[in-house]
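> What shape does this take:
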Amino acid sequence: MKIPRWGKILLGLVALLAVAGLALPYVLDVDRYRPMLISAIEKETGRKASLGAIRARFIPSVGFTIEKFELGSPKGFGEHALVSVEAVRGSLAWGPLLRREFQLSSIELVRPKVQLIEDETGKTNYEFPAAPAPAAKAAPSAMQFKLADIDSIEITGAEVLVAQVAGRNRRLIPGIRATNLNADLNDIALDAARIKQWEAESSLGGVVIELPGLQPIEVKSGEFTLSNGAVKADFRASAGRAADVRGKLQVADVENSIARFELSMPLLDLDQLASVTTKTTPAAAPGSAPRRSEKIAEGAVTADRVRFSPYEGTGARVEVRVFTDRLEAWPMAISAYDGTIGVSARVDRRQSPERFSANIEVRNLNVGKLTAASGAQKQVTGAGEATLQVFGALGNDVPGSLTGNGAFAVKDGTLPGLQMGGFMSQLVKLQKLVTFGAGSAEQFSKTIPFRSITGDLRPGGGRISSHRIHLDSSVGTVELRGSFGFNQTLDYNGNAEMMGGQTSGGGGGNNPLGAITGILGTVTKQTIGRVQLGFHVGGTFDNPKVTPVGMPRISIGSGSSTQGQTGSTPQPQKKKSIFDIFKKPPS
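Next comes the predicted model:
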């Protein structure tokens, strides 16, 4: 098919325009308009602005590319910019351009960084002054730059930081940081009074959210919308291996209301969550922290299961309140091992390093199930209760920073038996011999029953110390003093006092030292008052080691043997022992 002459001319013109569109940006010097653009931006915003090199673009639309753009913060916020962008690609509206005016119709922002900062008095760097009075009409020959409403803004790879400044050097205190944000905004009015007309949509997949001292949250999928001044977001995210989270976020009014959120997860792994405390964000220097405290978000967090290896709880729920200067979490309730655990906590960001406190209350805990869950070879049973108040710092060694105090009690349970090697073995054999097998001290090599164990708790130096632990049982008492470590090591010194009360022919009953008191009572014809034994508890939770310290101390009670006494009160029949063989029958 032969192309007509006019067609050839049209194709030539199109080709010429295409070449011109590609070549003109390198020939036409639009960078000379940079001072005018900077002046217009600073006039409209009241902020210091800077622009990199500017190049014109004519294909596919008239526009420009700016290598770098930065808009500063008001005086009093240091050198921390409100907005900085690696590259800005803008398109100009054709109509105003024909009137010799530059008016933006769309903008693409490449990897912008937005810092929303508040100072000690509550002022922010994102509040703009009232719109200035209209300027006098410029001469027709003068080119004008008009910064008015923008039809659309495309954002790729954005970072948003919510922070505070404090101190004379205007030190930046990071709060929430979100990175890898992509969004499409429409009807953008560069007027704070008209911010509610903004419209925005964003796919949240790939967004990363960081909070001080916590595991970074990576959003797997979700949607974000801004319409009529209201924000809504639904998402699914993961906090490393700590949790997979489903969440909702709502802000009814971006100008006035606080953010409300709901987070739920099938499993919350506290071991993984705590592992990120090796790195924290800086806090304000003492005395320079913000004085204004304002709630900015609140919500509920639930978890079907909570793991703190090797222990687990179920049905956890906590109410969280986020303030500009602190975070509060209370009350938290967890069901665990037939009992409940209640926790209230607070993180105070006005100190350096950031400090936290927590109150812990345990009720009706099945200690047997708890120790079984740990996989310990030797278990403790009973019903446990505890209260503990702890203080610490987010940093490289959270367990080592803990201080505080508390108390605990365990009732009606058993302890691992006394494993004293050959001594206990021979003692059991001796009791069986002198009581014709009636003694039951052998059970004490397996378990020791008790009525109650009470004591104090004092965290410090990576361990939980106790100044006094008291055990009360049917055969005597035990006093302990020492500590256990977060590395599960044990270090206690103790003293056991077992009641004797055995005389001639006594068998010792259930007291593992009853054989000694029975023999001595028979030989000396006296009552054995008590037997005291010092010991040390070492080893680990999984394998505690109890070793005697020194020889048992035996106290002789006052009075003589009750053997052969008569009176109006009938005497209970005594158990037979080997010594009864050598007695003469009564006449």
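
> can you pull the buried residues of stretch 388-399?
L388, Q389, V390, G392, A393, L394, V398, P399 (16 or more other C-beta atoms under 10 Å). The C-beta positions use only the backbone N, C-alpha and C, and glycine is treated the same way.

> cool, stretch 169-188 as well?
Across stretch 169-188, burial judged by 16+ other C-beta under 10 Å covers 171-183, 185-186, 188.

> which regions of the stretch 401-550 of the chain sit below the pLDDT cut-off?
Filtered on pLDDT under 70, the stretch 401-550 of the chain yields the residue ranges 417-446, 499-529.

> Where do the helices of it begin and end?
Taking DSSP state H, counting those that start in this stretch to define them, one finds helices in the stretch 401-550 of the chain at 422-434, 514-524.

> what do you get for the stretch 51-200 of the chain?
Using DSSP H, counting those that start in this stretch, the helices assigned to the stretch 51-200 of the chain run over residues 94-98.

> does I176 really touch I209, like I thought?
Yes. Using C-beta atoms under 8 Å, I176 is in contact with I209, at 6.8 Å.

> mind checking the SS state of Q272?
Under DSSP: H, G, I helix; E, B strand; the rest coil, Q272 falls in the helix class.

> Lowest-confidence one in the buried residues of stretch 388-399?
Least confident of the buried residues of stretch 388-399 in the model: L394, at 77.

> you'd agree it is up against Q351?
No. Under the criterion of C-beta under 8 Å, L394 makes no contact with Q351, lying 10.1 Å away.

> Distance-wise, check D397 relative to R236.
Using C-beta to C-beta, to the nearest Å, D397 is found at 33 Å from R236.

> Repeat that for G368.
39 Å.

> same check, this time on A87
Taking C-beta to C-beta, one finds A87 at 31 Å from R236.

> circling back to that earlier point, quick one: which two of the buried residues of stretch 169-188 are the most distant?
Using C-beta to C-beta, the buried residues of stretch 169-188 span at most 37.0 Å, a distance reached by R171 and N186.

> Tell me where the stretch 1-150 of the chain has strands.
Assigned by DSSP state E, counting those that start in this stretch, the strands in the stretch 1-150 of the chain fall at 49-51, 54-57, 63-66, 69-71, 83-85, 87-92, 101-110, 113-118, 144-146, 150-166.

> Turn the buried residues of stretch 388-399 into a markdown table, columns for distance to I66.
As requested, the buried residues of stretch 388-399 are exported to a markdown table (distance: C-beta to C-beta, whole Å):
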| residue | distance to I66 |
| --- | --- |
| L388 | 58 |
| Q389 | 56 |
| V390 | 53 |
| G392 | 48 |
| A393 | 45 |
| L394 | 40 |
| V398 | 46 |
| P399 | 51 |
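
> any idea which of those is closest to G78?
For those, the nearest to G78 is L394 (24.9 Å; C-beta to C-beta).

> what ranges do the strands span in the stretch 401-550 of the chain?
Ranges of strands in the stretch 401-550 of the chain, per DSSP E, counting those that start in this stretch, are 403-416, 447-460, 463-473, 476-485, 490-502, 526-539, 544-560.

> Just the buried positions in the shortest one, please.
By neighbour count, with 16+ other C-beta under 10 Å as the criterion, the buried positions of strand 476-485 are G476, V478, L480, G482, S483, F484, G485.

> for the last one, same thing?
Neighbour counts using 16+ other C-beta under 10 Å place P544, V546, P548, I554 of strand 544-560 among the buried residues.

> Check the third one too.
For strand 463-473, a neighbour-count test (16+ other C-beta under 10 Å) marks R463, I464, S465, S466, I469, L471, S473 as buried.

> Need the nearest residue in space to the fourth one, chain neighbours excluded.
Closest residue to S466 apart from its sequence neighbours, by C-beta to C-beta, 6 or more residues apart in numbering: G455 at 4.7 Å.

> Adding distance to P216, write the strands of the stretch 401-550 of the chain out as TSV.
Shown next, in TSV, are the strands of the stretch 401-550 of the chain (distance: least, C-beta to C-beta, whole Å):
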stretch	distance to P216
strand 403-416	29
strand 447-460	28
strand 463-473	31
strand 476-485	30
strand 490-502	36
strand 526-539	38
strand 544-560	39
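
> Looking at those strands, which is nearest to R47?
Taking these one by one with C-beta to C-beta, strand 403-416 is closest: 46.2 Å.

> Give the other helices and strands that the closest one contacts.
Here strand 403-416 touches helix 367-373, strand 383-393, strand 447-460, going by 3 or more C-beta pairs under 8 Å, 6 or more residues apart in numbering; DSSP states H and E.

> in terms of contact, does P112 touch E154 like I think?
No. The pair P112 / E154 is not scored as a contact, 10.7 Å apart, by C-beta under 8 Å.

> neighbour count winner among these two?
Taking neighbours as other C-beta atoms under 10 Å, P112 and E154 compare with P112 leading, 20 against 14.

> who's in contact with that one?
V83, S84, V85, E86, I155, G157, A158, E159 (C-beta atoms under 8 Å, 6 or more residues apart in numbering).

> Quick check: the gap between the nearest residue to the fourth one once chain neighbours are set aside and F69.
Looking back up the chat, that one is E86. Excluding its sequence neighbours, the residue lying closest to E86 (C-beta to C-beta, 6+ apart) is R111, at 4.5 Å. Per C-beta to C-beta, R111 is found 11 Å from F69.

> what about those two, which has more around it?
Each of R111 and F69 has its neighbours counted (other C-beta under 10 Å); F69 has more, 24 against 16.

> show me where pLDDT drops low in the stretch 251-400 of the chain?
Within the stretch 251-400 of the chain, the stretches with pLDDT under 70 are 274-292, 352.

> go again using 50 as the cut-off
277-290 (pLDDT under 50).

> ok so, going back, now the two most distant members of the buried residues of stretch 388-399.
Put simply, by C-beta to C-beta the two of the buried residues of stretch 388-399 set farthest apart are L388 and L394, 18.8 Å from each other.

> outside of the host helix or strand of S357, which residues touch it?
Here S357 sits within strand 355-366, counting by DSSP states H and E. If you take C-beta under 8 Å, 6+ apart as the criterion, strand 355-366 is touched by 336-348, 383-394, 406, 408.

> Could you tell me which of those residues count as buried?
Buried residues within those, defined by neighbour count using 16+ other C-beta under 10 Å: 336-337, 339-341, 343-348, 383-390, 392-394, 406, 408.

> For R458, give me its contacts.
R458 touches G404, N405, G406, I464, S465, S466, H467, counting by C-beta under 8 Å, 6+ apart.

> how about a cut-off of 10 Å?
Under the criterion of C-beta atoms under 10 Å, 6 or more residues apart in numbering, the neighbours of R458 are L388, L402, T403, G404, N405, G406, I464, S465, S466, H467, S483.

> and if you look at N180?
If you count contacts by C-beta under 10 Å, 6+ apart, N180 has them with 111, 156-159, 204-209, 218-219.

> Can you give me the distance of it to D244?
Distance from N180 to D244, counting by C-beta to C-beta: 19 Å.

> G539 too?
Plainly put, G539 is 38 Å away from D244 if you go by C-beta to C-beta.

> rewinding a little: now tabulate the strands of the stretch 1-150 of the chain in a markdown table and tack on distance to V306 and mean pLDDT.
Output for the strands of the stretch 1-150 of the chain, formatted as a markdown table (distance: least, C-beta to C-beta, whole Å; pLDDT from 0 to 100):
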| stretch | distance to V306 | mean pLDDT |
| --- | --- | --- |
| strand 49-51 | 50 | 90 |
| strand 54-57 | 56 | 80 |
| strand 63-66 | 50 | 81 |
| strand 69-71 | 45 | 90 |
| strand 83-85 | 41 | 91 |
| strand 87-92 | 46 | 82 |
| strand 101-110 | 41 | 77 |
| strand 113-118 | 33 | 87 |
| strand 144-146 | 57 | 52 |
| strand 150-166 | 28 | 85 |
